[in-house]
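>>> Pasting the sequence and the predicted model now:
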Amino acid sequence: MKQKKVTILGCEGFIGKNLVEHYLNNRVDTLIKKFNDTSETSFKKFIYPYVVLGFDKSVNKEKQKLLYPNIPTDESRPFLDAVGNLNHLDLTVSNNEDMKYSSSDIIIQAAATTSGANDIINKPYYHVTDNAIMNSLLLQKLYNEIEAMKERFALYGDKRAEKPHTINFIFLSCTVMYPQNLDRAVHEDDFNGEIYDKYFGVGWTKVYIEKLCEFYSRLLPNVKFTIIRHSNVYGPHDKFDLARSHVIGATINKVLSAPNGGEVEVWGDGSELRDFLYIDDLVDFINAAVENQEENFAIVNVGSGTPISVKELVETVIKVSRKDLKIRYNTDRPSLKNSLWLNTDIANERYKWEPKIDLEEGIEKTIDWIHNKFFNNGY
């Protein structure tokens, strides 16, 4: 089995950590038998299909390097049975000479500056500058590396100069560019250039990055670009602090922090409709894209396809927590008065993918993970 090299940008973020765990723990157990004249012995051999290289931003702006260990220890969790390494870099600067990823088979761009509704409303610039600069530099670096590699191959008469290996580049976009409140599931071609006022900055930034990927797809025929417009993703490693979290992370925080018999405050009136996707289903789609995408560039909606109100979300989290809590709606706090859910026909039909985990099961998995990680004794 030939190993695939996977580069994960943003490997220490919510989605990135789940990707690291998925690829590093994805192993094949093979039974090996040996014979001699008098006996037969057998043993298991672990084969790792993926070698993982991770990059993320460093808080102190200094590059650090960590080799994922092969034997799991308390200090190495959650990177179990791992093969690969991690680099801490500032992805918004152009002099990252140690970051070379053109030899990868799969590149997943999960690095982004993100936060919740409060920043979108009060600091709309927060999602713009770093994300625009970071992705511009990353894509230019990929192009420069591939061109330099082709020149080296040509110098030695290597046929790979004319036909370099295929790379799958996955960009995790979002749905903020879509029209809001359509009263139906949103298709990929529903983007009409009119972006919801509260999403204007982040929406056009995402569209700009998507167009950058399309631009480079015309320059790099050996790279297949997949733009994933995913819905609200949640699960283990999500942000749960109220200042930076999205609606599910914030709701879980409030419910788990509330005393039994108390109340939970919800920002807004709870009528807004959202599309929620458990992290494992997103990872499954990334693998489906790598296996099934034929074209050089594609934009794909990835979500549950089911509209769920914030009110229903809060009630579900309370149910899973097994607490007796009342809900108080606060319409004076920042909230986004919009509703959106996705049509996923393209993901279903062309990529042979569909989500497997519904909201209640996903929330239960997430709360179990929180209890195991932070309390280590379950309920």
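Received, thanks.
>>> Least confident secondary structure element in this structure?
strand 64-67 (a mean of 33; mean pLDDT, DSSP states H and E).
>>> backbone phi and psi for the closest residue to Arg184 other than its chain neighbours, please?
Take Arg184 and drop its neighbours on the chain: the residue closest to it by C-beta to C-beta, 6 or more residues apart in numbering is Asn343, 8.0 Å away. Just so you know, the C-beta spots here come from the backbone N, C-alpha and C atoms, and that holds for glycine as well. In this entry, Asn343 is assigned phi and psi values of phi -90, psi 130 (degrees, to the nearest 10).
>>> so where's the stretch 201-350 of the chain uncertain?
334-336 (pLDDT under 70).
>>> cool, and the stretch 51-200 of the chain?
Looking at the stretch 51-200 of the chain by pLDDT under 70, you get 57-90, 92-99, 114-126.
>>> Let's see that with 50 instead.
59-84 (pLDDT under 50).
>>> show me where this structure has helices.
14-24, 117-122, 129-155, 200-219, 247-257, 279-292, 310-321, 345-349, 359-370 (DSSP state H).
>>> need those helices in JSON lines with distance to Val51 and mean neighbour count, can you?
Converted to JSON lines, the helices of the chain look like this (distance: least, C-beta to C-beta, whole Å; neighbours: other C-beta atoms under 10 Å):
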{"stretch": "helix 14-24", "distance to Val51": "9", "mean neighbour count": "23"}
{"stretch": "helix 117-122", "distance to Val51": "36", "mean neighbour count": "16"}
{"stretch": "helix 129-155", "distance to Val51": "18", "mean neighbour count": "16"}
{"stretch": "helix 200-219", "distance to Val51": "24", "mean neighbour count": "18"}
{"stretch": "helix 247-257", "distance to Val51": "31", "mean neighbour count": "21"}
{"stretch": "helix 279-292", "distance to Val51": "15", "mean neighbour count": "19"}
{"stretch": "helix 310-321", "distance to Val51": "37", "mean neighbour count": "19"}
{"stretch": "helix 345-349", "distance to Val51": "27", "mean neighbour count": "16"}
{"stretch": "helix 359-370", "distance to Val51": "26", "mean neighbour count": "18"}
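>>> of these, which approaches His230 most closely?
When the helices of the chain are compared by C-beta to C-beta, helix 279-292 sits nearest His230, at 5.8 Å.
>>> so how far is the closest one from its chain's centroid?
Centroid separation between helix 279-292 and its chain, computed with C-alpha atoms, centre = their mean, to the nearest Å, is 10 Å.
>>> and if you look at stretch 209-218?
Counting by C-alpha atoms, centre = their mean, stretch 209-218 comes out at 19 Å from the chain centroid.
>>> i'd like the first residue to be 59 from this point on
Yep, numbering from 59; the last one is stretch 267-276 now.
>>> Run through who's touching that stretch.
Residues from elsewhere that reach stretch 267-276 (C-beta atoms under 8 Å, 6 or more residues apart in numbering): 189-190, 193-194, 197, 200-201, 227, 229, 231, 281-283, 285, 354-355, 357.
>>> how close does the closest residue to Ser379 other than its chain neighbours get to His304?
Excluding its sequence neighbours, the residue lying closest to Ser379 (C-beta to C-beta, 6+ apart) is Val313, at 5.0 Å. Note on Val313: its distance to His304, by C-beta to C-beta, to the nearest Å, is 15 Å.
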